[in-house]
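Novice: With the input below, show me the fold.
(chains A and B)
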Protein chains: 2
Amino acid sequence: MAESMKGLHRTHRCTEITNANIGEEVTVMGWVQKSRNKGGIIFVDLRDRSGILQIIFEEADVKAEGFAKAEKLRSEFVIAVVGKVVARTGAVNENLATGDIEIRATKLTVLSEAQTPPFPIEEGSKTKEELRLKYRYLDLRRPDIQRNLILRSQAATIVRTFLAEEGFLEIETPILQKSTPEGARDYLVPSRVHPGNFYALPQSPQLFKQLLMCSGYDRYFQIAKCFRDEDLRADRQPEFTQIDMELSFVDIDDVIDVNEKLLQKLFKETIGIDVALPIQRMTWQEAMDRYGSDKPDTRFGMELKNVSDVVKGCGFGVFTGALENGGSVRGINVKGQGAMPRKKIDALVAFAKDFGAKGLAYLCIGEDGSYKSSFSKFMTEEELKNLATSMGAENGDLLLFAADVDKVVYDVLGNLRLEIAKNLELIDQDKYNFLWVTEFPLFEWSEEQKRFVAMHHPFTMPMEEDLELLETAPEKARAKAYDIVLNGTEIGGGSVRIYQNDVQEKMFELLGFTKEEAYERFGFLLNAFKYGVPPHAGLAYGLDRLIMLMAKEESIRDVIAFPKIKDASCLMTEAPDVVDEKQLEELEIALVLKKKEQE
Amino acid sequence: MAESMKGLHRTHRCTEITNANIGEEVTVMGWVQKSRNKGGIIFVDLRDRSGILQIIFEEADVKAEGFAKAEKLRSEFVIAVVGKVVARTGAVNENLATGDIEIRATKLTVLSEAQTPPFPIEEGSKTKEELRLKYRYLDLRRPDIQRNLILRSQAATIVRTFLAEEGFLEIETPILQKSTPEGARDYLVPSRVHPGNFYALPQSPQLFKQLLMCSGYDRYFQIAKCFRDEDLRADRQPEFTQIDMELSFVDIDDVIDVNEKLLQKLFKETIGIDVALPIQRMTWQEAMDRYGSDKPDTRFGMELKNVSDVVKGCGFGVFTGALENGGSVRGINVKGQGAMPRKKIDALVAFAKDFGAKGLAYLCIGEDGSYKSSFSKFMTEEELKNLATSMGAENGDLLLFAADVDKVVYDVLGNLRLEIAKNLELIDQDKYNFLWVTEFPLFEWSEEQKRFVAMHHPFTMPMEEDLELLETAPEKARAKAYDIVLNGTEIGGGSVRIYQNDVQEKMFELLGFTKEEAYERFGFLLNAFKYGVPPHAGLAYGLDRLIMLMAKEESIRDVIAFPKIKDASCLMTEAPDVVDEKQLEELEIALVLKKKEQE
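Specialist: This next block holds a predicted model:
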């Protein structure tokens, strides 16, 4: 039976009580973490959001009736306890914030009884995630998940307070929007008032935040829900949260400046990490050349080296063939791994092939300076030596080479570098390495669509010095776009936007749109631009991933209160679900299920 | 042509410059509000989010090229100006924050030219709302709308900061949820991964915030987007924003206490209004008896009086008939309006009939004490006099009476009271009268469904002293529910929730649900309650309406950046819209348009 809390008023959360309160009467409320009877004394660990507090029930204090109730306590019962704070009689528990005190209960109220949960409520649960997500309301009781959500809440508060102080206005943009066929797949919402018409859930507030700049709001931000109906990868959710911002009358440095201050404050005030400013900047080209990635993990070295010049005239056809096809030969030096067993090297070759390599050339240098190599027979001793020297190799090192078009070489070596660092545990997990990557290419060539597509989006400003390239060699034009990378993960990105009509029209032309098509898709923004538009730029962070990195979690599901699984369903509520036929009738839509038809 | 802002760096927003800056060189950027050439000097009013600043272009300062550009400036051009702050040479403009200074421009950069806008960008626009919403990006430039959105942003920041300090965690609940047939109509989102299944957009985070209490989060809040697919009234939007909160281990007074502090801080720090605490509390019954409304406007009197006892034995059948049918006779005293012309009284009678009255009885008292009445012939002079006395009438007053079942009497007089106060301008528009309305009925009888429906929602706790009434006379049971009312508008409401299984089951039984039906609808919450649930309570504010009242606007569309109109469409983006057939195919749905079929 559930008792009433009438007349009871909580005085403290569990760990708000310290030895400074010894002698005071307190009232605490929470969940029974565990309960045990030891020689006629009942010890209860009481749990709330703040942590654990030990309660002692002795019949002399709590009377027969209270003691009888205490004897029946089980895990997850919700109780209120009135009692006196005393120094702990047993050994001090160093693991608890309240380890040197305990409460001698004088009154016990059982607010809610509990069935035995399907899995124990404990730190770092080993229970299968599926079961935990089905009972998410119990999983959310675990202290580690609670810490994550508390961190997330604190982070959001800090971000908002900082941005408000910097003159940003938080402005809500609509969730029920118009569908734009560009980009990822939209979630659609049928309109009942306008049958046959649909809203779309926003993939980002991009167009609206640019409109707000046109409207003179100067500095906008929003912690915004965004939606993408994609086939889900491990770290994606159908709905996700962005810290989204846009600024008027600014250039790249202004955006970077305010965001560096934001990151510094955020990391200091939540997880106590000092972010040294300014954060390192690197062009996209340099990032690719040194790390084979546009989001390099700079917590360790093992950088790529371009050895194309060194192997140019050699006898190894794989190398020279790649060069003749306009590609390059690059390598990484895995220090001290010259004795890596053949089996492990083979695994790396297989890994490389997954990323598009036709193969992976290796050169093992023994402690005695001897070479063991997949390609030594094609090269002279001197060629091999030159190659080793150009890679800064020492005795005992392992050199790995990829030879292909640049894109493949970058991809293979960039990923190989990460794989090896993981395998060899080369990464200092206490480091938080930030990096700005700048000067992204403006366009990517889409083989599928046989046209240029915008690498960031069609409103991204080209670099001023590259404006002429739009006419002559658009594939070489660089964008005023930037990503912020943390430990090899892109946590945010943005760009300076085009605000000149002629540049915007050129962009659409290069993207293969007619003027009519451009207006059909982005008409309200293009029209807005006709009435006076300020230079503006912005940036958006993926909040889920940012918090995941701050909390050192492996999955964004551990930093989202009610996440969905890979098939975009919720195991707890069983959403999505079938709905009443009447609801569909009102929307004037019907199901046309392919599976059913085939049956 | 749009010039680049390279080398330019804004030093101030327009009104950040004061006479303390005289002599300094500044760089300002913004929109041309107006521009005029007066005797070879060009005067430009420059506008940004902060306000207006006067710029002076003289050829001697800005050179021939700059002056030529300045001559071409038109409204809404976006410009950057470098210049010197000087004391205003002409008359000081008292209407401007910067009215005693001006900028003598030395450099002009035209960042963006502008077409003539379809309507002038000005305070309190008289332009038709339809046109303004079509060009919302221009409408949003108006200083009054900008003030509203700045107020909204400030209010959100204050609310969040306050709640964070009070130990609330902001936790995001899902937008893609499961459809629950109870309540208003859901917006549905077809699932592509699970064809034939749908998500629903949340009408409120109610179930999730109660789950968070079960999970031990103790204090939750969220400024949350909510959705209702209803036929829209003037002050409704398909998507709206709630300040939503829930607290564990609390009773009504705890919720009221923290919210009073919140309102006090919010109104003081945004619009400088002192909210005296504690805020007045009134039971639902008292509110109905005194004001005929569960959201009384207490800025003026004209309270209802129950005269049933006074007219009990009188000769006026309308009065006695109502009493015999279990109803009541109540009146309001319109002070000093005894000489109201018959035509105006007739209009009030018609108004009353709109609210279900069969008629409206009136008694005009002349300055000489004479009576003119719709029912004087049915009553003795003494009965009339007693009636007048019981209404506290003096010479020159107008008394209006309704006689019917209580519900109709309350509704008629409650609305009449507001109508008369509006007509006679009795309301002090500078007052902010807050009121808690408490002890709402637990149930309403639904004639349509022939069953009780929950007045708040099925999880609302009955008052402890009324628990027995659930068995004997549930219609008399009162709920631990409360509304917060400001100037006659409900700005928020909430309740203490049921946390005992037996009470919850009784509630569902009274609401006509079988246990199976209850679990089908609310299963995950009911299951969560089995594993230890704390007493909890919550409240939610309608943010749009709250800001509307703070900004003294008439429509919530004036405090929403991108509102929709009554038919739930957006005039600017033309959402909702048709989508590609391919999108529907992927979702395995088809249109079955009724209109088309009929054609």
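Novice: okay, CA-based contacts and neighbour counts for the rest of this
Specialist: Fine.
Novice: Now do the strand or helix carrying A:L149 against helix B:143-165, angle only.
Specialist: Counting by DSSP states H and E, the element that carries A:L149 is helix A:143-165. With axes from the mean of the first three to the mean of the last three C-alpha atoms, to 10 degrees defining the directions, helix A:143-165 sits at 150 degrees from helix B:143-165.
Novice: could you point out which element follows helix A:143-165?
Specialist: Helix A:143-165 is succeeded, C-terminally, by strand A:169-170 (DSSP H and E).
Novice: what's that following strand packed up against?
Specialist: Secondary-structure packing of strand A:169-170 (3 or more C-alpha pairs under 8 Å, 6 or more residues apart in numbering or on different chains; DSSP states H and E): strand A:219-227, helix B:143-165.
Novice: buried stuff in the longest one?
Specialist: By neighbour count with 16 or more other C-alpha atoms under 10 Å in any protein chain shown, helix B:143-165 contains the buried residues B:143-146, B:148-164.
Novice: which among the residues you listed are in contact with chain A?
Specialist: Restricting the buried residues of helix B:143-165 to those adjacent to chain A (criterion: C-alpha under 8 Å from any C-alpha of the partner chain) gives B:146, B:149-150, B:153-154, B:157, B:160-161, B:164.
Novice: okay, those residues in JSON lines with distance to B:D274 next?
Specialist: Below are these laid out as JSON lines (distance: C-alpha to C-alpha, whole Å):
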{"residue": "B:Q146", "distance to B:D274": "24"}
{"residue": "B:L149", "distance to B:D274": "22"}
{"residue": "B:I150", "distance to B:D274": "20"}
{"residue": "B:S153", "distance to B:D274": "20"}
{"residue": "B:Q154", "distance to B:D274": "17"}
{"residue": "B:T157", "distance to B:D274": "19"}
{"residue": "B:R160", "distance to B:D274": "20"}
{"residue": "B:T161", "distance to B:D274": "19"}
{"residue": "B:A164", "distance to B:D274": "22"}
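Novice: What is the burial count for whatever residue of the stretch 201-350 of chain A ends up closest to chain B?
Specialist: The stretch 201-350 of chain A approaches chain B most closely through A:S215 (4.9 Å), counting by C-alpha to the nearest C-alpha. A:S215 has 25 neighbours, counted by other C-alpha atoms under 10 Å in any protein chain shown.
Novice: And the pLDDT at it?
Specialist: Predicted confidence (pLDDT) for A:S215: 98.
Novice: do the one 4 residues further on as well
Specialist: According to the prediction, A:R219 has pLDDT 98.
Novice: who touches it in this structure?
Specialist: A:167-169, A:213, A:245-248 (C-alpha atoms under 8 Å, 6 or more residues apart in numbering or on different chains).
Novice: Which residues does it form beta bridges with?
Specialist: Applying DSSP bridges to A:R219 gives these bridge partners: A:L247.
Novice: for chain A, which spans come out with low pLDDT?
Specialist: A:1, A:181-182, A:233-234, A:596-599 (pLDDT under 70).
Novice: Give me the three-state assignment for the closest residue to A:Y135 other than its chain neighbours.
Specialist: Sequence neighbours aside, A:M572 is the residue nearest to A:Y135 in space, at 6.1 Å (criterion: C-alpha to C-alpha, 6 or more residues apart in numbering or on different chains). Following DSSP: H, G, I helix; E, B strand; the rest coil, A:M572 is assigned to coil.
Novice: pretty sure A:M572 is touching A:R132, no?
Specialist: No: between A:M572 and A:R132 there is no contact under C-alpha atoms under 8 Å: 9.1 Å.
Novice: Could you give the number of residues near A:V559?
Specialist: Using other C-alpha under 10 Å, A:V559 is surrounded by 27 other residues.
Novice: ok, it - contacts?
Specialist: By C-alpha under 8 Å, 6+ apart, the contact set of A:V559 is A:145, A:148-149, A:152, A:544, A:547-548, A:553.
Novice: Taking those residues, tell me the two that lie furthest apart.
Specialist: The span of those, defined through C-alpha to C-alpha, is set by A:I145 and A:D544 at 13.6 Å.
Novice: is it true that the residue of the stretch 201-350 of chain A closest to chain B touches B:Y137?
Specialist: Yes: using C-alpha under 8 Å, A:S215 is in contact with B:Y137, at 5.3 Å.
Novice: What count of nearby residues applies to the residue of the stretch 1-150 of chain A found nearest chain B?
Specialist: Residue nearest to chain B within the stretch 1-150 of chain A: A:A114 (4.2 Å; C-alpha to the nearest C-alpha). A:A114 has 19 neighbouring residues, counting by other C-alpha under 10 Å.
Novice: same thing with the one 5 residues further on?
Specialist: Other residues near A:F119 number 15, with proximity taken as other C-alpha under 10 Å.
Novice: Give the helix, strand or coil label for the residue nearest to it when sequence neighbours are not counted.
Specialist: Counting by C-alpha to C-alpha, 6+ apart, A:F119 lies nearest to A:T127, which is 6.9 Å off, once chain neighbours are set aside. Three-state call for A:T127 (three-state DSSP): coil.
Novice: Test my guess that A:T127 contacts A:P118.
Specialist: No: the criterion here is C-alpha under 8 Å, and A:T127 misses it with A:P118 at 9.6 Å.
Novice: Could you report the distance from the closest residue to A:V533 other than its chain neighbours to B:E246?
Specialist: The shortest distance from A:V533 to any non-neighbouring residue, by C-alpha to C-alpha, 6+ apart, is to A:C214 (4.9 Å). Distance of A:C214 to B:E246, given as C-alpha to C-alpha, to the nearest Å: 38 Å.
Novice: and what of A:N395?
Specialist: Separation of A:N395 from B:E246 (C-alpha to C-alpha): 65 Å.
Novice: And those two? Which one has more around it.
Specialist: Relative neighbour count places B:E246 above the other of A:N395 and B:E246, with 28 against 18, counting by other C-alpha under 10 Å.
Novice: Where is the longest strand in chain A?
Specialist: Secondary structure of chain A per DSSP state E: the longest strand is strand A:25-38.
Novice: Residues contacting it, please?
Specialist: The list of residues contacting strand A:25-38 from outside it, by C-alpha under 8 Å, 6+ apart, reads A:8-14, A:42-48, A:71, A:73-85, A:121, B:216, B:249, B:532, B:534.
Novice: hang on, the earlier thing: ok, of the ones next to chain A among the buried residues of helix B:143-165, which one's closest to B:D309?
Specialist: With C-alpha to C-alpha as the yardstick, the closest approach to B:D309 among these comes from B:R160, at 51.4 Å.
Novice: how about that closest one, what does it touch?
Specialist: Applying C-alpha under 8 Å, 6+ apart, the residues contacting B:R160 are A:T157.
Novice: so how far is A:A224 from it?
Specialist: For B:R160 relative to A:A224 (C-alpha to C-alpha), the value is 15 Å.
Novice: Which residue does the stretch 351-500 of chain A have closest to chain B?
Specialist: A:Q500 (5.9 Å).
Novice: A:I55 pairs with what?
Specialist: Beta-bridge partners of A:I55, as defined by DSSP bridges: A:V44, A:I103.
Novice: neighbours around it, how many?
Specialist: A count of nearby residues for A:I55, using other C-alpha under 10 Å, gives 24.
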